[in-house]
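Engineer: Here's a sequence, model it:
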Amino acid sequence: MKSAAPRSVRATGRATLADVARVAEVSPMTASRALRGEPTVDAALVQRVQAAAAKLGYLPDPAARALASRRSTHVAVLIPSLTNQLFVELLEAAQRTLRSAGLQTLIGITHYDPAEEEQLLREQLLHRPAGVLLTGLEQTRATRRLLAAEDTPCVTMMEMGSGPGTASVGFSQEAAAAAMTRHLLQRGRRRIAFVAAQLDPRTLQRLAGWRSALTEAGRFDARLEWREPAASSVGLGAQLFEQIVAASPAVDAVFFCNDDLAQGALLAALRLGVPVPGRIAVAGFNDLPESAHTVPPLSTVRTPRAAIGQRAAELLVARIRDPARAAQHQDLGFELMVRGSS
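Structural biologist: Presented below is the predicted three-dimensional model:
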């Protein structure tokens, strides 16, 4: 005669939440709250429940949890790229904050494509995420309808929103680019080219900032606007710098939309024997770690990527815990890093 399955596990051999609660000598509800990391649960009790879970080899069933609560403990995080260092910094900060709140991340890469972002969101909403972090404000109408229909808390990152619905954490890309352009003007530069690659919405906002500052100064010339749809890279920056120097010898400054482009330009200038900043000034955007160590050190705009990721995640956690919380729009600003290249 077969013996019954031990009371400490299911017939399948998997421990249940009730098993954990029994070993920890608490109610199943308290065990659940302790394992979710809710701050109202006493720390000693949390340790006891976690020890019981480890002893039994308990793993929570996310599907069952989502069915019970209509939400999972996952947050969908959609970013344009994992090859761009600034989004890696953003993601790492957001994930650290979410994990400390007992939430996990479902990462999706949109490749700067609003249609791909929409499809990824459709797929991730099937998992009933507790909330969503999106990059930028260029969502399709269908994406906005999906978020509204699911009533899922959402925070956008890197750009500043203004509406009453989705919250946002970022800074003004346009204002940052205008500030760098004014710096170059103040240094006596009069023919300032702008190089835009990738042509994603944030790059185009930087382009608009360059235009507005030069128009304000009576120096705007559309012929100094260089657009390249290819992805930003050091190699592309070198190539475009060579083209600008050859085609527009009167240009006395080049403002690149990203630091990797500007780093490539400085390498090309060294190779060509073009003095920087004597003959031509070079500026970038984002302040990547290497930019302080180029020759000469690169003048650029420092953007608060990690702070944006952390604050956006904190704001999302607050909205998950209090769905009635009003949407907030937080501007974390930027900083001009004036170095030897300008």
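Engineer: now the strands for the stretch 201-342 of the chain?
Structural biologist: Under the criterion DSSP state E, counting those that start in this stretch, the stretch 201-342 of the chain contains strands at 225-228, 253-256, 281-283, 300-302, 329-331, 335-337.
Engineer: and of those strands, who's closest to Gly163?
Structural biologist: Closest to Gly163 of these is strand 329-331 (C-beta to C-beta; 8.6 Å). No exception for glycine: its C-beta is placed from N, CA and C like everyone else's.
Engineer: what's the distance between that closest one and the middle of its chain?
Structural biologist: The chain centroid and the centroid of strand 329-331 are separated by 14 Å under C-alpha atoms, centre = their mean, to the nearest Å.
Engineer: who does it touch, helix- and strand-wise?
Structural biologist: Secondary-structure packing of strand 329-331 (3 or more C-beta pairs under 8 Å, 6 or more residues apart in numbering; DSSP states H and E): strand 167-170.
Engineer: Which SSE is immediately downstream of the strand it packs on?
Structural biologist: helix 173-186 (DSSP states H and E).
Engineer: And that following helix, what's buried?
Structural biologist: Judged by neighbour count using 16 or more other C-beta atoms under 10 Å, the buried positions of helix 173-186 are 173-185.
Engineer: Ok, stretch 237-256 next?
Structural biologist: Of the residues in stretch 237-256, 237-242, 244-245, 248, 251-256 count as buried by neighbour count, 16+ other C-beta under 10 Å.
Engineer: among those, which two are most distant?
Structural biologist: Checking those with C-beta to C-beta, the most distant pair is Gln239 and Asp252, at 20.2 Å.
Engineer: out of the strands of the stretch 201-342 of the chain, deepest packed?
Structural biologist: Looking across those with neighbours counted as mean count of other C-beta atoms under 10 Å, the highest average goes to strand 253-256: a mean of 30.
Engineer: re earlier: now distance to Tyr58 and mean pLDDT too, for the strands of the stretch 201-342 of the chain, in TSV please.
Structural biologist: As requested, those are exported to TSV (distance: least, C-beta to C-beta, whole Å; pLDDT from 0 to 100):
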stretch	distance to Tyr58	mean pLDDT
strand 225-228	53	97
strand 253-256	52	98
strand 281-283	55	98
strand 300-302	45	98
strand 329-331	38	95
strand 335-337	47	98
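Engineer: can you tell which of those is closest to Arg128?
Structural biologist: Among the strands of the stretch 201-342 of the chain, strand 329-331 comes nearest to Arg128, with 26.5 Å by C-beta to C-beta.
Engineer: Could you list the residues in contact with that closest one?
Structural biologist: The set of residues external to strand 329-331 that reach it, using C-beta atoms under 8 Å, 6 or more residues apart in numbering, is Met160, Gly161, Ser162, Ala167, Ser168, Val169, Gly170, Phe171, Ser172, Arg311, Leu315.
Engineer: and the gap between the second one and Leu59?
Structural biologist: Taken as C-beta to C-beta, to the nearest Å, the spacing of Gly161 relative to Leu59 amounts to 38 Å.
Engineer: the more surrounded of those two?
Structural biologist: Each of Gly161 and Leu59 has its neighbours counted (other C-beta atoms under 10 Å); Gly161 has more, 19 against 9.
Engineer: State the pLDDT value of that one.
Structural biologist: Here, the pLDDT recorded for Gly161 equals 84.
Engineer: domains of the protein?
Structural biologist: 17-60, 72-171+306-334, 173-302 (automatic domain parsing).
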